[in-house]
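A.B. asks: here's a sequence, model it:
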Amino acid sequence: MTANCNYHLKGHLLGACNCDWDCPCNCEQAPNYGSCEGVYLWQVDEGHYDGVDLSEIVVSEASQFPAAIHLGNGTSVYLIDERASEEKRPAIENMIRNEAPFSVFLDLTTKFIGFRYVPFDVKIDSINSQAKIPGKQDMQLTAMKNPVTGDDELAVLTKPTGFTSQIQELCITSAFSYDGYGLSIEFPGKYGEFCLFEYSN
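C.D. replies: Predicted coordinates:
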């Protein structure tokens, strides 16, 4: 992995996977059910790569790993906002290949399905955010519920060494499915997260 271009992005990150609430990965533990199957989605509010403006572009990664992510052997696809112009697409793909955190997942992938350009419908509203790709993905975040009172249970994880984000609002999914390009993932009611992110080299 070689980072050799000027790079800066900031925006919002949504995540969901097949683990129970709080996700053992946050504490360097193995996945709850052996495998790791999930989706990360980055909405770029402002940023650039190698002089190319990437503001308001969405990038998502869907993947399946047979064990903990760091052990590798994953299958993944990168989904990119179809609004990205033809001139911007090579820069986005180079960024994903060469810059963390995107490249970290790619480096751990054995079967890379490729880059696919799709329409996104993203609504940012903290732990009530949602992201859809028509016909392929439905991710809706919601708060955990207190089993006694039924009230929302709110939790924030601060992790200064986190590589996707350092502060995460933890939640669950009211809907979570992805099906397309050889991958199928469906785990509603499991782990979700909402974060602010800022990356640069």
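A.B. asks: quick one, what contacts the most centrally placed residue in the chain?
C.D. replies: Nearest residue to the geometric centre of the chain (C-alpha atoms, centre = their mean): Y40, 1.1 Å. With contacts defined as C-beta atoms under 8 Å, 6 or more residues apart in numbering, the neighbours of Y40 are 13-15, 60-61, 105, 164. Any C-beta I mention is one placed from the backbone N, CA and C, and that applies to glycine too.
A.B. asks: same check on D125?
C.D. replies: Listed by C-beta under 8 Å, 6+ apart, the contact set of D125 is empty.
A.B. asks: quick check on it: phi, psi?
C.D. replies: Backbone torsions of D125, given as degrees, to the nearest 10, read phi -150, psi 60.
A.B. asks: look up how far A68 lies from it.
C.D. replies: Distance of D125 to A68, computed by C-beta to C-beta, to the nearest Å: 31 Å.
A.B. asks: same question for G189.
C.D. replies: For G189, the distance to A68 equals 22 Å [C-beta to C-beta].
A.B. asks: try I124
C.D. replies: Counting by C-beta to C-beta, the gap from I124 to A68 is 29 Å.
A.B. asks: kindly report the same for D50.
C.D. replies: Separation of D50 from A68 (C-beta to C-beta): 32 Å.
A.B. asks: same check, this time on A155
C.D. replies: 22 Å.
A.B. asks: when those two are compared, which one has more neighbours?
C.D. replies: Ranked by neighbour count (other C-beta atoms under 10 Å), A155 and A68 place A68 first, with 17 against 13.
A.B. asks: show me where this structure has helices.
C.D. replies: Using DSSP state H, the helices found in the chain span residues 89-98, 102-107.
A.B. asks: quick check, pLDDT for N4.
C.D. replies: On pLDDT, N4 comes in at 65.
A.B. asks: just to revisit the earlier point, so which of the contacts of Y40 comes closest to L141?
C.D. replies: L14 (6.5 Å; C-beta to C-beta).
A.B. asks: report the contact partners of the closest one.
C.D. replies: Neighbour list for L14: 40-41, 43, 122, 129, 131, 139, 141, 192-194 [criterion: C-beta under 8 Å, 6+ apart].
A.B. asks: if you set the cut-off to 7 Å instead, what comes out?
C.D. replies: Residues in contact with L14 (C-beta atoms under 7 Å, 6 or more residues apart in numbering) are 41, 129, 131, 139, 141, 194.
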